[in-house]
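> From the sequence below, what's the structure:
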Amino acid sequence: MNNDLMIRSIYIDWDKIESDSYLRNIEAIRDQDRIDFHAQATILTGENGSGKSTLLEAVAVAYGFNPEGGSRNYSFSTYDSHSELSNAVTLSKGYRNRNGWGYFLRAESFYNVATAEEEYSKDTEKGPMYYHRRSHGESFLALAQENFRSRGLYLLDEPEAALSPRRQMTLLAMIMESIKLGSQFMIATHSPILSGIPGAELWSFDGPLHTCTYEETDAYTVTKMFIDRREQVLKYLLDDEPENI
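Sure, this is the predicted structure:
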């Protein structure tokens, strides 16, 4: 086990989860009581609804982040929708956890975080970043540039949502620079670009939770199939009598 990581393991106490909870129907996590991490970047990959964001959110809340995102200094709430999984999660932390800096970025609630940032920062020396005055993608990258520091913990939920492929590569480079400074990242993503972070450990949520290679992810295989066989794929999707692809 890597003691250099901010979070080394997740423990789930299923006795704290209601017997009729939907969490018990999530195939990827329902049989998991411990998940160990071995790399500074962990990629959570899988189909929509497979549990990636649910687990990432639970880790974030258990670590002390606001459920809607932000740093651990953020405590606003616009809609209380996070699952009970965070109440059942215990984190095993490494010795590098001392500084406690980090950020939880989730695409679906970024507007709320950007609004809160103006309020939290208005009385600081630096002042607000005014993310609402930029495009969605520019705001994402500006937030990353402002908050990615050394020895931090960064939980990113579908950060590619606002970014072009070129900007996703920019974000990847920013992530790698922060990793070199001792930071740890957990990223739930459908992006074949961000899934390719060098040295990342990839966890597939399709079926029971398991590690996989980059080439085994849907992000890679489906994108590659579309690029390599675009006309056939489109014919399959759009024709009344599609051929097998």
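> which element follows the helix or strand bottoming out on mean pLDDT in the chain toward the C-terminus?
One helix or strand of the chain scores below all others by mean pLDDT, DSSP states H and E: helix 110-121, with a mean of 61. Per DSSP states H and E, the first helix or strand lying C-terminal to helix 110-121 is helix 136-147.
> how about that next one: buried residues?
Within helix 136-147, the residues that qualify as buried are 137, 139-141, 143-144, 147, counting by 16 or more other CB atoms under 10 Å. No exception for glycine: its C-beta is placed from N, CA and C like everyone else's.
> Stretch 189-196 too?
Across stretch 189-196, burial judged by 16+ other CB under 10 Å covers 189-196.
> export these to TSV and tack on secondary structure and pLDDT?
Output for the buried residues of stretch 189-196, formatted as TSV (DSSP: H, G, I helix; E, B strand; the rest coil; pLDDT from 0 to 100):
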residue	secondary structure	pLDDT
189	coil	97
190	coil	96
191	coil	97
192	coil	97
193	coil	98
194	helix	97
195	helix	98
196	helix	97
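> show me what contacts residue 213?
For residue 213, the contacting residues are residue 202, by CB atoms under 8 Å, 6 or more residues apart in numbering.
> per-residue confidence at it?
For residue 213, the model assigns a pLDDT of 98.
> Over to residue 107?
Reported pLDDT for residue 107: 71.
> wouldn't it be in contact with residue 139 here?
No - no contact is recorded between residue 107 and residue 139 when judged using CB atoms under 8 Å, the distance being 11.1 Å.
> Return the set of residues that bridge with residue 44.
Taking DSSP bridges, one obtains residue 188, residue 203 as the residues bridged to residue 44.
> Against residue 160, how distant is it?
Look at residue 44 and residue 160: by CB to CB, to the nearest Å, they are 13 Å apart.
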